[in-house]
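> sequence isn't available, so here's the structure alone:
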């Protein structure tokens, strides 16, 4: 993968985008998919030809984009299994298409279960796994403070929803209880699958807890607390959970610790299964990266990157990135390198080795940039507020 490039050098192609968003592009063979608002505030899924950057098709899934803080309604990233592509938006609209752009099904989850009551707008991506789509909605129980959540339903439940990927039919809905209060009930994380001693689990992080759920029926197998020891009402969680080396890693909010949780627990495992906690420079919003048998944690606010031993929590190295603005994207690990991009559009490239070693800084500009950088087929895909760049040597 390339180390040195620019907006004009090593650019295989660049494609103008209809709007800015924090969602990350995804790649399957010669197909690139991403979500975006357009100039009319429609919420669209776009298919781009990876070979030349041409737009194959663009489909409207929802209407009514809006911005709150750094977020808009196009923060969830799309997902695919190579047969269908699924896009979801903060309006609670979700739809599936085949690779030719034919709509297979579409629904609005909010019509059934209430508009999402999340302060900075919904940001969780759907999970497509083994023919099922898992949608995590961790939200405030009293939505009256949020104009985007006004409807006839006076209260809300947080839940994990499972849909059939072929039909969109609801298979089950598991209500996820929490004693968190106010904003701390909310989460922007994405559920992930994990195969461990309990079988296949769906890991959910937010509402002051991390929980493991049976992938077949959503039943809660275990939960660990301690992510908000002070019971602060404004301690929402942004980073997604991460797994590796037999552990599940959970980031507490507001730069509280990153916890390592041993797999295989049942019931309340807060005291029994927490292996270690990293308190030195934890993350508030960037999801940690498990790569090359190391755990990388990025404090995007202070621009401090730490490399940890995932089994012991020992800090192997730590360094400060020379970036102008905060990093709202997450780390990408590929080709023995680490890639991230700050909000102003500067890419930091480092070795994923045994020392803190920056290889290059590349100023792409065109901020605000909050999308992470996927890598595929020897190419990098960098989303700015204006373009999608395909970079290759």
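In hand now; what should we look at? Fair warning: this is a prediction, and the values are worked out from it, not measured in the lab. Numbering: from 1, shown residues only.
> for residue 182, give me phi and psi.
Dihedral angles of residue 182 (phi, psi; degrees, to the nearest 10) stand at phi 50, psi -130.
> the closest residue to it other than its chain neighbours: helix or strand, and which one exactly?
Using Cβ to Cβ, 6 or more residues apart in numbering and skipping the chain neighbours, the partner closest in space to residue 182 is residue 233 (3.7 Å). Backbone N, C-alpha and C define where each C-beta goes, glycine included. Using DSSP states H and E, residue 233 is not contained in any helix or strand.
> so residue 233 sits against residue 184, correct?
Yes - at 5.7 Å, residue 233 counts as touching residue 184 under the criterion of Cβ atoms under 8 Å.
> which of the two has more neighbours?
residue 184 (24 against 13; other Cβ atoms under 10 Å).
> next, count neighbours for the nearest residue to that one once chain neighbours are set aside.
Spatial nearest neighbour of residue 184, excluding adjacent residues (Cβ to Cβ, 6+ apart): residue 235 at 4.5 Å. For residue 235, the count of nearby residues is 23 (other Cβ under 10 Å).
> over to residue 383?
Using other Cβ under 10 Å, residue 383 is surrounded by 28 other residues.
> contact partners for the nearest residue to it once chain neighbours are set aside?
Nearest residue to residue 383, sequence neighbours excluded (Cβ to Cβ, 6+ apart): residue 371, at 4.0 Å. With contact set as Cβ atoms under 8 Å, 6 or more residues apart in numbering, residue 371 has these partners: 21, 22, 23, 24, 25, 329, 341, 383.
> residue 383 pairs with what?
Residue 383 forms beta bridges with residue 388, as assigned by DSSP bridges.
> who's in contact with it?
The neighbours of residue 383, taking Cβ under 8 Å, 6+ apart as the test, are 17, 21, 24, 25, 34, 369, 371, 373, 389.
> for residue 57, same thing?
Residues in contact with residue 57, defined by Cβ under 8 Å, 6+ apart, are 46, 47, 100, 101.
> that one in helix, strand or coil?
strand (DSSP: H, G, I helix; E, B strand; the rest coil).
> now it: how far from residue 260?
From residue 57 across to residue 260, the span is 43 Å (Cβ to Cβ, to the nearest Å).
> returning to what we had before: give me phi/psi at the residue nearest to residue 383?
Dihedral angles (degrees, to the nearest 10) for residue 371: phi -80, psi 140.
> and the pLDDT for it?
pLDDT for residue 371: 98.
> repeat that for residue 326.
Per-residue pLDDT puts residue 326 at 97.
> repeat that for residue 159.
98.
> ok, the contacts of residue 57 vs residue 239, which is closest?
Using Cβ to Cβ, residue 46 comes nearest to residue 239 of the contacts of residue 57, at 26.3 Å.
> name the element that closest one belongs to?
Here residue 46 sits within strand 42-49, counting by DSSP H and E.
> isn't residue 62 up against residue 76?
No - with contacts defined as Cβ under 8 Å, residue 62 does not count as touching residue 76, sitting 11.1 Å away.
> okay, buried residues for stretch 340-353 please.
The neighbour-count check on stretch 340-353 (16 or more other Cβ atoms under 10 Å) flags 340, 341, 342, 343, 344, 345, 346, 347, 348, 349, 350, 352 as buried.
> what's the model's confidence in that stretch, averaged?
98.
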